[in-house]
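1. predicted model follows, preceded by the sequence.
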Amino acid sequence: MESGVLSFDAAVARARCKRYRRRILDLSQNVSALHIGGAFSCAELVDAIYNELMRKPVAGDRSPDTFLLSKGHGCMIQYVILEDLGIMPKGELEKYCTPEGRLGVHPDYGNPGIVASTGSLGHGLSMVVGMALAERGRRTDGIIYTVLSDGELQEGSTWEAVLMASSLKLRNVVAFVDNNDFQSLGRTSETHPTLYPIVEKFRSFGWDAVEVDGHDISAIVAAVSQRLGDRPFMVVARTTKGKGVSYMENVPMWHYRAPNADEYKRAIAELEAQP
């Protein structure tokens, strides 16, 4: 099965992700209710899906492909990308988590570009399996993309979906694990060491699976482009929680905390200094 990759410019992709992180930091000064660490860890993954992998809509119709963010608490990166693509109306993010707005700390079905309400971890992949099966029933070639957290791999419903996807031979499922090695305030590798190695777990369940640097967009795109396409595909992406701002990286409190004014200035200065 062919992916939607036609061309790729790594420098342009890096500039986009830098812009997305800056936008999230700007929004963090309006409201404290955002999961900044987890949004920053999956920025390159979600960017690659929307801007490099998913096929573009034809004649104003929706894309043949679909994206569902299973780790719904990382929705700030999805929101800013949808805004950047013109799918989310300008100004909507300025009302994030306010009585006047419609965007909350998790994605809600019905908002522009949001195909399912997510954030109850462990449910996303099950929905993806159903969507992929429906696409096959309609005899379309639509690919269902998703991003999961490594923490939600502790949920039994996730592994039921993993088993079902391979049993149904759903070759139109392309999933990513944002393997930042954190679940809320603790390291996943310390609380659940037998989860690792993750790639072998998925292969043993009948998936095609690879591991990549989750902040290397070229590697992400190449991995999906080279998949066999005869079974569900998993990319286990090694990422850093809070990626892009040194004092946030791998520091548990940035799971949910917003920077104060001084921290915001430091973060912006770091981003601006990056190539």
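-> Right, received. Where do you want to start? It should be emphasised that the depicted structure is a prediction, and the values quoted were computed from it without experimental measurement. Residues are numbered from 1 along each chain as shown.
2. helices and strands of the protein: which one has the lowest mean pLDDT?
-> helix 188-191 (a mean of 93; mean pLDDT, DSSP states H and E).
3. list the buried ones in the next helix or strand after that one?
-> Following helix 188-191 in sequence order, the next helix or strand is helix 198-204 (DSSP states H and E). For helix 198-204, the neighbour count (16 or more other C-beta atoms under 10 Å) marks 198-199, 201-203 as buried. C-betas here are computed from N, CA, C, even on glycine.
4. which of the residues you listed sits closest to A161?
-> F202 (11.6 Å; C-beta to C-beta).
5. which element is the closest residue to the closest one other than its chain neighbours on?
-> Once flanking residues are discounted, F202 sits nearest to A209: 4.0 Å by C-beta to C-beta, 6 or more residues apart in numbering. Secondary structure assigned from DSSP H and E places A209 in strand 208-213.
6. and that strand, how far out from the chain's middle?
-> 15 Å (C-alpha atoms, centre = their mean, to the nearest Å).
7. could you list the buried residues of that strand?
-> 208-212.
8. what does the average pLDDT come to for that strand?
-> If you average the pLDDT over strand 208-213, you get 98.
9. repeat for stretch 159-176
-> 98.
10. wait, isn't R19 in contact with I77?
-> No - under the criterion of C-beta atoms under 8 Å, R19 is not in contact with I77, lying 11.5 Å apart.
11. who's more crowded, the two?
-> Neighbour totals were compared for R19 and I77, and I77 leads with 28 against 15 (other C-beta atoms under 10 Å).
12. just to be sure, the more buried one is in a helix?
-> Yes - per DSSP: H, G, I helix; E, B strand; the rest coil, I77 lies within a helix segment.
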